[in-house]
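**Q** Here you go, sequence then predicted model.
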Amino acid sequence: MQFLTSFQLLERINALLSSEARKRYAALGIQPVHVQVLEYLSLCNHYSDTPAALTEYLGLTKGTVSQSLQILERKGYISKTQDMHDGRVVHLQLLDAGLDILHKVQPLDIFTEAEETLLHREFRSVRHALGATLQVLQQANNSKSFGLCNTCKHFTEIDGHTHCGLTDEPLHREVIQKICREHEFR
Ligand code: SF4
């Protein structure tokens, strides 16, 4: 995985975690933005539990936030109450059902698994650490690695002749520099 830059590794880790999260959210009938709202309400204090503060925090449009709040209220995950001193201000509360959803979506199992696997390893650079993290996440998620030949279990090099054991074909030098869909770590 070290042929990718740190930025590309982060992007791939993000894509993998997002796809894992999407599966989890879909099973619960919830959108990523809904989880962000519930997370925020589990963290914010009583000066910050308003739709305006939430909109500011998420950096989304008022319309998107308002629509999400309606859905979450309908599902019984949050409630709204008027401020005791200013009738124009509404406060949002996370209800037990919303908290339950948060517990179900976090932490992502594969990330916990990766953290445990990498706990005692040392890395010589951030890029190496990210590469190892991505590899562990891919393995935990059973997703394809899209790696290079020199880390693949099907790759052999004898007397300068490079060969793919999967396709039983010789590999030209330029081919082994490219990522492969069939790659499997040794
Ligand atoms: S399966 Fe792909 S990555 Fe593995 S040796 Fe063959 S061509 Fe290379």
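**A** Looks like it arrived, so ask away.
**Q** buried stuff in the helix or strand that E116 is a member of?
**A** If you go by DSSP states H and E, E116 is part of helix 109-118. In terms of neighbour count (16 or more other Cβ atoms under 10 Å), helix 109-118 has its buried residues at 110-111, 113-114, 117-118. For every residue, glycine as well, the C-beta is placed using N, CA and C.
**Q** can I get these in JSON lines with distance to the ligand?
**A** Formatted as JSON lines, the buried residues of helix 109-118 follow (distance: Cβ to the nearest ligand atom, whole Å):
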{"residue": "I110", "distance to the ligand": "23"}
{"residue": "F111", "distance to the ligand": "26"}
{"residue": "E113", "distance to the ligand": "25"}
{"residue": "A114", "distance to the ligand": "23"}
{"residue": "T117", "distance to the ligand": "23"}
{"residue": "L118", "distance to the ligand": "24"}
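**Q** can you pull out the strands in this structure?
**A** When assigned using DSSP state E, the strands of the chain occupy the ranges 78-82, 90-94, 155-158, 161-164, 169-170.
**Q** With distance to the ligand added, can I get these in CSV?
**A** Converted to CSV, the strands of the chain look like this (distance: least, Cβ to the nearest ligand atom, whole Å):
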stretch, distance to the ligand
strand 78-82, 48
strand 90-94, 47
strand 155-158, 4
strand 161-164, 3
strand 169-170, 8
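**Q** among those strands, which is nearest L10?
**A** Taking Cβ to Cβ as the criterion, L10 comes closest to strand 155-158 out of those, the separation being 26.5 Å.
**Q** by contact count, what packs against the closest one?
**A** If you count contacts as 3 or more Cβ pairs under 8 Å, 6 or more residues apart in numbering; DSSP states H and E, strand 155-158 packs onto strand 161-164.
**Q** List the buried residues in the strand it packs on.
**A** Residues of strand 161-164 classed as buried by neighbour count (16+ other Cβ under 10 Å): 162-164.
**Q** just checking, C44 touches T50?
**A** No. Contact status for C44 versus T50: not in contact, 9.1 Å apart, counting by Cβ atoms under 8 Å.
**Q** quick one, the longest helix anywhere in the chain and helix 109-118 angle?
**A** Using DSSP state H to assign secondary structure, the helix with the most residues in the chain is helix 6-28. Here helix 6-28 runs at an angle of 140 degrees relative to helix 109-118 (axes from the mean of the first three to the mean of the last three Cα atoms, to 10 degrees).
**Q** which helices and strands does helix 6-28 pack with?
**A** With contacts defined as 3+ Cβ pairs under 8 Å, 6+ apart, helix 6-28 has these neighbours: helix 32-43, helix 96-105, helix 109-118, helix 126-140.
**Q** again, only this time at 6 Å
**A** Secondary-structure packing of helix 6-28 (3 or more Cβ pairs under 6 Å, 6 or more residues apart in numbering; DSSP states H and E): helix 126-140.
**Q** List of residues touching the helix it packs on?
**A** Outside helix 126-140, the residues within contact range by Cβ atoms under 6 Å, 6 or more residues apart in numbering are 1-2, 6, 9, 12-13, 16, 110, 113-114, 117, 123, 145.
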